[in-house]
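Asks: Task: produce atomic coordinates for the following.
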Amino acid sequence: MKNITIHWPSGACSEVAVGSEWLAAAGEAGLLIPTGCLGGSCGACEIEVNGQVVRACIATVPASLSGVLRVELASDPYW
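Replies: Next up is the predicted model:
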């Protein structure tokens, strides 16, 4: 399985296998992504991956042509 470099909001970087679960990858990097329902319906776990909003509890780390992903915590005014 191919690895990809992830730049986390904390400034940390990690190498993660494509297809890994986002919550596990973040945890290994020392980042806690907030969760709510763990089923993708509440949106508490939304992150921005290269500018695209992803629900971390149901998504996996995608491949990237550049081999690099930049993650930011999404800001939701209701959470």
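
Asks: give the contact list for Thr35.
Replies: When contacts are counted by C-beta atoms under 8 Å, 6 or more residues apart in numbering, Thr35 is found next to 23, 44-45, 56-57. No exception for glycine: its C-beta is placed from N, CA and C like everyone else's.

Asks: Give me the neighbour count for Asn3.
Replies: Neighbourhood size, Asn3 [other C-beta atoms under 10 Å]: 13.

Asks: can you pull out the strands in the protein?
Replies: Using DSSP state E, the strands of the chain run over 3-7, 13-17, 46-49, 52-55, 68-73.

Asks: Switch those over to CSV; also include mean pLDDT and distance to Val61.
Replies: Formatted as CSV, the strands of the chain follow (pLDDT from 0 to 100; distance: least, C-beta to C-beta, whole Å):
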stretch, mean pLDDT, distance to Val61
strand 3-7, 97, 6
strand 13-17, 97, 5
strand 46-49, 95, 8
strand 52-55, 94, 10
strand 68-73, 95, 7
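
Asks: With distance to Leu32 as extra columns, can I get the ones you listed in CSV?
Replies: What follows is these, written out as CSV (distance: least, C-beta to C-beta, whole Å):
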stretch, distance to Leu32
strand 3-7, 15
strand 13-17, 14
strand 46-49, 12
strand 52-55, 16
strand 68-73, 10
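
Asks: Most tightly packed of those?
Replies: Ranked by mean neighbour count, these are led by strand 46-49 with a mean of 19 (mean count of other C-beta atoms under 10 Å).

Asks: about what we covered before: can you list which of the contacts of Thr35 are found in helices?
Replies: Judged by DSSP state H, the subset of the contacts of Thr35 located in helices is Leu23.

Asks: which of the contacts of Thr35 has the most neighbours?
Replies: Using other C-beta under 10 Å as the neighbour test, the contacts of Thr35 are led by Ala56, with 26 neighbours.
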